[in-house]
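# pasting a predicted model and its sequence here:
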Amino acid sequence: MFGKKHIIYNGVRMIEGWPAKIEEAQTMKTYVIAAQEYQRLRYGEEEDDWGANRQPCHDCGVLKG
């Protein structure tokens with residue numbers, strides 16, 4: 001990632017510009033995969049414990065909910 005400016009978003013280091021892309025993606029309520037529509041899960045609604053009660057997502061920095 002040389003030459004790319006990094007920022008901190010909800011405590012997670014990422015490339016500048018990604019927070020806007022993340023926030024835009026959060027407006028999408030469903031995804032279509034192979035002609036099948038799926039509801040998106042909010043961070044913290046997963047069956048497995050990804051730590052949403054303790055920290056932002058370690059991949060993208062979103063907060064629970």
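Happy to help now that I have it.

# so how many other residues sit close to Tyr9?
Tyr9 has 19 neighbours, counted by other C-beta atoms under 10 Å. Just so you know, the C-beta spots here come from the backbone N, C-alpha and C atoms, and that holds for glycine as well.

# bridging residues for it?
Beta-bridge partners recorded for Tyr9 (DSSP bridges): Val12.

# in contact with it, which residues?
18-19, 22, 61 (C-beta atoms under 8 Å, 6 or more residues apart in numbering).

# can you select the buried ones from those residues in PyMOL?
Buried members of the contacts of Tyr9, defined by 16 or more other C-beta atoms under 10 Å, are picked up in PyMOL with:
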select buried, resi 19+22+61
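
# which one of the contacts of Tyr9 is nearest to Trp50?
Trp50 has its nearest neighbour among those in Gly61, at 12.8 Å by C-beta to C-beta.

# my guess is the closest one contacts Glu23. True?
No: contact status for Gly61 versus Glu23: not in contact, 10.6 Å apart, counting by C-beta atoms under 8 Å.

# for Lys29, what are its contacts?
Counting by C-beta under 8 Å, 6+ apart, Lys29 has contacts 39-40.
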